[in-house]
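Novice: Sequence first, predicted model second:
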Amino acid sequence: MIPLQIRIKPLKEVLDDFEATYEAVRQGREVTPRRILSFENVEEFRAFFTERRLELLRTIRRRNPRSVYALAHMLGRDLKSVRTDLALLARLGVVRFSRARRGTRYRKIPHVDFDRVVLEMAV
């Protein structure tokens with residue numbers, strides 16, 4: 001399982017990394033798949049990874065909820081706020097969904113495809 005890497009570094013360094021990866025792909029060199037989120041500073045990181053969102057990720061990973069509604073119930077949180085957090089996490093690739101049919105309706109099942117987070121920060 002590929003860990004989620006979080007990097008706190010200036011935007012210029014992030015763009016330099018992207019350029020190097022792009023050049024490697026363009027030249028046909030093999031590039032190791034990575035799942036990386038980059039933040040420019042600690043404040044941005046903290047604003048994104050709130051305690052509630054971290055708890056949400058842990059609950060998905062450990063308890064495997066069978067729907068978004070079940071996840072909200074497990075967390076003791078309002079369904080709307082859980083959906084909002086999930087939408088943000090999904091947009092950045094931290095959470096994904098599968099669908100399961102239940103009668104005539106479908107339910108979204110949230111998944112977390114990493115078991116650890118690696119934080120890298122320049123000093």
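Specialist: Happy to help now that I have it.
Novice: Show the contacting residues for residue 93.
Specialist: Contact analysis of residue 93 by C-beta atoms under 8 Å, 6 or more residues apart in numbering lists 35, 37. Where C-beta positions appear, they are placed from N, C-alpha and C, glycine not excepted.
Novice: so it sits in a strand?
Specialist: No - assigned with DSSP: H, G, I helix; E, B strand; the rest coil, residue 93 falls outside any strand and is coil.
Novice: as a whole number, average confidence for the top helix by length along the chain?
Specialist: The residue-count maximum for a helix in the chain (DSSP state H) belongs to helix 11-26. Average pLDDT, helix 11-26: 88.
Novice: quick one: the very next helix or strand once past that helix to helix 11-26, angle?
Specialist: Counting by DSSP states H and E, the next helix or strand C-terminal to helix 11-26 is strand 35-39. Following axes from the mean of the first three to the mean of the last three C-alpha atoms, to 10 degrees, one obtains 150 degrees for the angle between strand 35-39 and helix 11-26.
Novice: now what about strand 35-39, what contacts it?
Specialist: Outside of strand 35-39, the residues within contact range by C-beta under 8 Å, 6+ apart are 2-9, 14, 45, 48, 92-94, 114.
Novice: now, which of the residues you listed lie within strands?
Specialist: Per DSSP state E, strands hold the following members of those: 4-8.
Novice: By neighbour count, which of the residues you listed wins?
Specialist: residue 4 (21 neighbours; other C-beta atoms under 10 Å).
Novice: what residues are up against the residue nearest to the spatial centre of the chain?
Specialist: Nearest to the mean C-alpha position of the chain, counting by C-alpha atoms, centre = their mean, stands residue 94 at 1.4 Å. Contact analysis of residue 94 by C-beta under 8 Å, 6+ apart lists 4, 37, 57, 112.
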